[in-house]
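**Student:** okay, structure incoming, though there's no sequence with it:
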């Protein structure tokens, strides 16, 4: 009789048996299991510390827009009530901006997103619905509504520039003209919640100006002429107010300046500061993010890199590698099995730590009055799974480098320099934006983009750098950079393992 040939999947060097053998090795080494538990606990510990590290109780509430997002809603408003439908037209004959030159001293400057124009708003409360047509310091005519919507209009240096805002129910239409006869429609917005009577009038806003690697306060003055209106206007006196004077998203006025309006022969000179826009990290520096809650990722990453390297270098140190490779002559399969076991164990530990740490840190932070930038549930899931995948893939990279060097100290040092050092450098506030963004594109540290939750807005000038929580790559694209390094290192390790003596 011819003896039966055992199936390869259950034979001595069947891959499932190799996987089982590597899992048995991992779970029987107490130090490695302790390392996984410690990494998860570090996520919890740092989340708790982040939650209690800042006390914002008693601070002014963050203004919230119609979409539930934090906004900056601070500007100088010269207004009257409008009942029902109507329109308002004005000529903006000048818009000049200044930034501090020294204490109590200003110098002329261009603030690209300084704004002056017409606005219709539900009321003067921060975050209330609005639509506006405006000229800007260096971005032409724009129509904006809902804080996040921005529509470009005609760009012209012709002066004076005329603007018109029409209301028909909840529909607001903005127009621009250079001669007051030929009008160009800039955009139409539906503004729910205006009510039968809304506040309409002139406004000036002047957001902080970009100065080197920081920002500085600014103030702008606009001259309005030939003001005309039709419809249900009350016909009373114009009222000038600084909206959002106490808002945490309002940087305030430079020294010795303030919001004001002066009227002479139908000519209005309005001075204002602030902005009407979505809040970003620089305009809401006290706000927290999921990335802040998960600062323990940095410490957990180091722990998992050490475990990943030791998972193979320990076998070289105690000569167990000879038995491992003798039991499975196809060496690349051993390395693949180690990578799979390590990735899965690390992923589970990272995911458990993340899903517990995130709500814990958020609850503690909110209990201390810290505003957390809101994110959709899908984004929370992406951050949790992405953080776990980051930790798991980094551990596989450490495993691969350990197989290449066959020395734990060299492997751990190399991977930490490749991942952790770029992370530290991008976290330095004085790192030039170009250098920080380059590091966050081409190094394994790009994977931290999976924790990004903030949104970059074209209509808000800010330093969108990794230090502030903005990464140049999309979340999964950043993770793909780390994955590419891990796969390439694993392939190189497999080739070396097959060619050289154990």
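**Tutor:** Yes, it's here. Owing to the predicted nature of the structure, the values given are computational and were not obtained by experimental measurement.
**Student:** avg pLDDT for the longest strand anywhere in the chain?
**Tutor:** As far as residue count goes, and with DSSP state E defining each element, the longest strand of the chain is strand 75-102. Mean pLDDT, computed over strand 75-102, is 93.
**Student:** now swap in stretch 470-489 and tell me
**Tutor:** Along stretch 470-489, the predicted local confidence has a mean pLDDT of 96.
**Student:** next, the buried residues of it.
**Tutor:** 470-473, 475, 478-483, 485-487, 489 (16 or more other C-beta atoms under 10 Å). In this view, the C-beta of every residue, glycine as well, is placed from N, C-alpha and C.
**Student:** tell me where the stretch 1-150 of the chain has strands.
**Tutor:** Applying DSSP state E, counting those that start in this stretch to the stretch 1-150 of the chain gives strands spanning 71-73, 75-102, 105-109, 115-121, 130-136, 141-145, 149-152.
**Student:** let me fix that, I meant to ask about the stretch 151-300 of the chain.
**Tutor:** In the stretch 151-300 of the chain, the segments counted as strands under DSSP E, counting those that start in this stretch are 161-168, 171-177, 184-190, 197-205, 209-211, 214-216, 219-233, 239-243, 260-264, 267-272, 276-278.
**Student:** before we move on, the earlier item: residue 352: which of the strands of the stretch 1-150 of the chain is closest?
**Tutor:** Across the strands of the stretch 1-150 of the chain, the minimum distance to residue 352, taken as C-beta to C-beta, is reached by strand 71-73, at 35.6 Å.
**Student:** give the pairing partners of that closest one; include direction for each.
**Tutor:** When sheet partners are counted by DSSP bridges, strand 71-73 sits next to strand 276-278 (antiparallel).
**Student:** give the rounded mean pLDDT of the partner strand.
**Tutor:** Throughout strand 276-278, pLDDT has a mean value of 96.
**Student:** what's next to that strand, contact-wise?
**Tutor:** 65, 69-75, 113, 115, 119, 130, 132, 144, 147-148, 203, 205, 207, 283, 455, 457, 459-460 (C-beta atoms under 8 Å, 6 or more residues apart in numbering).
**Student:** quick one: buried ones out of the residues you listed?
**Tutor:** Burial by neighbour count, 16+ other C-beta under 10 Å: within the contacts of strand 276-278 this picks out 65, 69-75, 113, 115, 119, 130, 132, 144, 147-148, 203, 205, 207, 283, 457, 459-460.
**Student:** that older thread, redo the strands of the stretch 1-150 of the chain as a markdown table? Include distance to residue 20.
**Tutor:** Formatted as a markdown table, the entries for the strands of the stretch 1-150 of the chain read as follows, by distance: least, C-beta to C-beta, whole Å:
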| stretch | distance to residue 20 |
| --- | --- |
| strand 71-73 | 56 |
| strand 75-102 | 67 |
| strand 105-109 | 69 |
| strand 115-121 | 66 |
| strand 130-136 | 64 |
| strand 141-145 | 61 |
| strand 149-152 | 57 |
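**Student:** out of the ones you listed, which is closest to residue 221?
**Tutor:** strand 75-102 (5.5 Å).
**Student:** just checking: what are the partner strands of that closest one?
**Tutor:** Sheet pairing here is set by DSSP bridges, and for strand 75-102 it gives strand 105-109 (antiparallel), strand 161-168 (antiparallel), strand 197-205 (antiparallel), strand 219-233 (antiparallel), strand 239-243 (antiparallel).
**Student:** ok, and the closest non-adjacent residue to residue 206?
**Tutor:** With sequence-adjacent residues excluded and distances taken as C-beta to C-beta, 6 or more residues apart in numbering, residue 206 is closest to residue 220, at 3.7 Å.
**Student:** which ones are touching residue 229?
**Tutor:** Residue 229 makes contact with 82, 86, 87, 88, 89, 200 under the criterion C-beta under 8 Å, 6+ apart.
**Student:** show me what the fifth one is bridged to.
**Tutor:** Put plainly, it is residue 89. With DSSP bridges applied, the residues forming beta bridges to residue 89 are residue 164, residue 228.
**Student:** in contact with it, which residues are there?
**Tutor:** Each residue near residue 89 by C-beta under 8 Å, 6+ apart is listed here: 162, 163, 164, 165, 180, 226, 227, 228, 229.
**Student:** just those residues: which has the poorest pLDDT?
**Tutor:** By predicted confidence, the contacts of residue 89 are weakest at residue 180, whose pLDDT stands at 85.
**Student:** state the mean pLDDT of stretch 371-380.
**Tutor:** On average, the pLDDT along stretch 371-380 is 95.
**Student:** sorry, that was for stretch 50-58
**Tutor:** Computed over stretch 50-58, the mean pLDDT rounds to 90.
**Student:** ends of it, what's the gap?
**Tutor:** End-to-end distance of stretch 50-58 (C-alpha to C-alpha, to the nearest Å): 19 Å.
**Student:** in it, what's buried?
**Tutor:** Of the residues in stretch 50-58, those buried under the neighbour-count criterion (16+ other C-beta under 10 Å) are 50, 51, 56.
**Student:** same check on stretch 28-38?
**Tutor:** Quick answer for stretch 28-38 (16+ other C-beta under 10 Å): 32, 35, 36, 38.
**Student:** for the residues you listed, which one is nearest residue 305?
**Tutor:** Of all those, residue 35 has the smallest distance to residue 305: 9.8 Å, by C-beta to C-beta.
**Student:** is it true that the closest one touches residue 304?
**Tutor:** Yes - with contact defined as C-beta atoms under 8 Å, residue 35 and residue 304 form a contacting pair (7.1 Å).
**Student:** would you map the helices across the chain?
**Tutor:** Per DSSP state H, the chain carries helices over the ranges 15-28, 30-52, 290-293, 297-317, 320-327, 331-367, 377-405, 408-426, 433-442, 475-499.
**Student:** what packs against the longest one?
**Tutor:** Helix 331-367 sits against helix 15-28, helix 30-52, helix 290-293, helix 297-317, helix 320-327, helix 377-405, helix 475-499, with contacts defined as 3 or more C-beta pairs under 8 Å, 6 or more residues apart in numbering; DSSP states H and E.
**Student:** relative orientation of it and helix 30-52 in degrees?
**Tutor:** Here helix 331-367 points in a direction 30 degrees away from that of helix 30-52 (axes from the mean of the first three to the mean of the last three C-alpha atoms, to 10 degrees).
**Student:** tally of neighbours for the closest residue in space to residue 305 that isn't next to it in sequence?
**Tutor:** With C-beta to C-beta, 6+ apart as the measure, residue 398 is the residue that lies nearest to residue 305, at 4.4 Å, once sequence neighbours are left out. Using other C-beta atoms under 10 Å as the criterion, residue 398 is surrounded by 33 other residues.
**Student:** burial count for residue 434?
**Tutor:** The number of residues packed around residue 434, counting by other C-beta under 10 Å, is 9.
**Student:** any low-confidence regions in the protein?
**Tutor:** Low-confidence segments of the chain, defined by pLDDT under 70, span residues 1-13, 104, 155-160, 234, 322, 326-327, 329, 501-502.
**Student:** list the contacts of residue 374.
**Tutor:** 68, 69, 70.
**Student:** quick one: contacts for the residue nearest to the last one when sequence neighbours are not counted?
**Tutor:** Okay, so that is residue 70. Closest residue to residue 70 in three dimensions, ignoring its sequence neighbours and counting by C-beta to C-beta, 6+ apart: residue 279, at 4.0 Å. If a contact means C-beta under 8 Å, 6+ apart, then residue 279 has 62, 63, 69, 70, 71, 72, 249, 287 as its contacts.
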